[in-house]
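1. Pasting the sequence and the predicted coordinates here, then a few questions.
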Amino acid sequence: CLATLIIMLVGDTYTLINYVSFINYLCYGVTIMGLIVLRWKKPKIFRPIKVNLLVPITYLAFWAFLLVFSLYSEPVVCGVGLIIILTGVPVFFLGVYWRNKPKCVNRLIESMTCWGQKLCFVVYPQGEGAEEE
């Protein structure tokens, strides 16, 4: 989020759209790959919608062509897009992977989460019947 704000302040909107579109297509392809892997490794789990595997495989073939073409035609834009994605790696390690965090770090993360939820109007009401994890 911080990297996107900096890019918005420094660069033009067209460049930001190029970064985000590359990131979106990359995430779509990884999602479809995950679908194929789950269909192969766990064929018996419940799926509300089940399609023929030819559909995601065809999609991945076109996706790979477009991604390789993007990397060839605009390597700098794709590289910046990948860097934007990689800025989330430290956040993952600090927030999710690191299990035995000190209490002050937990309080900081919780306050940042609460502040972000209030800023974006996504705070869910906490009633008496709310479930705790």
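-> Here it is on my side, so go on. What you see is a predicted model, and the numbers here were worked out from it, not measured in a lab. Numbers count the residues shown, from 1 in each chain.
2. so the residue with the shortest distance to the centre of the chain is in which element?
-> In the chain, the residue lying closest to the centroid (Cα atoms, centre = their mean) is residue 27, at 6.7 Å. With secondary structure defined by DSSP states H and E, residue 27 is part of helix 13-41.
3. which regions of the chain lie under the pLDDT threshold?
-> 1, 3-4, 6-8, 10-11, 124-133 (pLDDT under 70).
4. what helix or strand is the residue lying closest to residue 123 once chain neighbours are set aside on?
-> Excluding the flanking residues, the one nearest residue 123 by Cβ to Cβ, 6 or more residues apart in numbering is residue 117, at 4.4 Å. Where you see a C-beta, it was placed from the backbone N, CA and C, and this is true even at glycine. Using DSSP H and E, residue 117 sits within helix 103-119.
5. Same check on residue 59?
-> Per DSSP H and E: helix 54-73 holds residue 59.
6. what sits up against that helix?
-> 22, 25, 26, 28, 29, 32, 33, 35, 36, 77, 78 (Cβ atoms under 8 Å, 6 or more residues apart in numbering).
7. in it, what counts as buried?
-> Buried residues in helix 54-73, counted by 16 or more other Cβ atoms under 10 Å: 56, 60, 63, 67, 70.
8. how much space between the first one and residue 73?
-> Between residue 56 and residue 73 the distance is 25 Å, computed by Cβ to Cβ, to the nearest Å.
9. And for the fourth one?
-> Distance of residue 67 to residue 73, computed by Cβ to Cβ: 11 Å.
10. same deal with residue 17?
-> Residue 17 is 15 Å from residue 73, where distance means Cβ to Cβ.
11. Next: residue 37.
-> Going from residue 37 to residue 73 by Cβ to Cβ gives 29 Å.
12. same thing with residue 34?
-> 27 Å.
13. Please apply the same query to residue 108.
-> For residue 108, the distance to residue 73 - Cβ to Cβ - is 42 Å.
14. next one: residue 119
-> Separation of residue 119 from residue 73 (Cβ to Cβ): 37 Å.
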